[in-house]
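Engineer: Let me see the structure of the following:
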Amino acid sequence: MVYCSGFMASTSVYNVLLYMRKLCAYLYERGLLSNAYTALLKIKVSRESKMYPAAQQDEVAAVLAQIDRSAVKGKRDYAIILLGTVAGLRAVDVNIQH
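Structural biologist: Presented below is the predicted three-dimensional model:
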């Protein structure tokens, strides 16, 4: 893991660790290893998370202004987009049932 961290991105090192855990567990289950090395492979690897820039206030206002709030779907869409922008929710965080 130390060797990998010298030239790999932290997300790649994290993936290698996951693969090592799975490989050791598989070999242990098959009787090919006398130890699953779970304690050794319990190390933590931080993953970088990308931060995307937020939309500018005037851009959000322009999007909201395009929605027809006289229709039921427009009111729903307006509420969803407003909720997302004010609360910082992602599209995946907002569960919409049709």
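
Engineer: the domain parsing of the protein - what is it?
Structural biologist: Using automatic domain parsing, the domain ranges for the chain come out as 2-42, 57-93.

Engineer: Please list all residues in contact with residue 79.
Structural biologist: Going by C-beta atoms under 8 Å, 6 or more residues apart in numbering, residue 79 touches no other residue. Where you see a C-beta, it was placed from the backbone N, CA and C, and this is true even at glycine.

Engineer: Using CSV, list the CA coordinates for the helix or strand containing it.
Structural biologist: Secondary structure from DSSP states H and E places residue 79 in helix 72-87. Coordinates of each C-alpha in helix 72-87 appear next as CSV, following Å, rounded to 0.1, in the frame of the first residue of the first chain:
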residue,chain,number,x,y,z
VAL,A,72,-49.2,21.7,-11.2
LYS,A,73,-46.0,20.2,-12.7
GLY,A,74,-44.4,23.6,-12.8
LYS,A,75,-45.1,24.2,-9.2
ARG,A,76,-43.6,20.8,-8.4
ASP,A,77,-40.5,21.5,-10.5
TYR,A,78,-40.1,24.9,-9.0
ALA,A,79,-40.3,23.4,-5.5
ILE,A,80,-37.8,20.7,-6.3
ILE,A,81,-35.2,23.1,-7.9
LEU,A,82,-35.6,25.6,-5.1
LEU,A,83,-35.2,22.9,-2.5
GLY,A,84,-32.1,21.7,-4.2
THR,A,85,-30.5,25.1,-4.5
VAL,A,86,-31.4,26.3,-1.0
ALA,A,87,-30.6,23.1,0.8
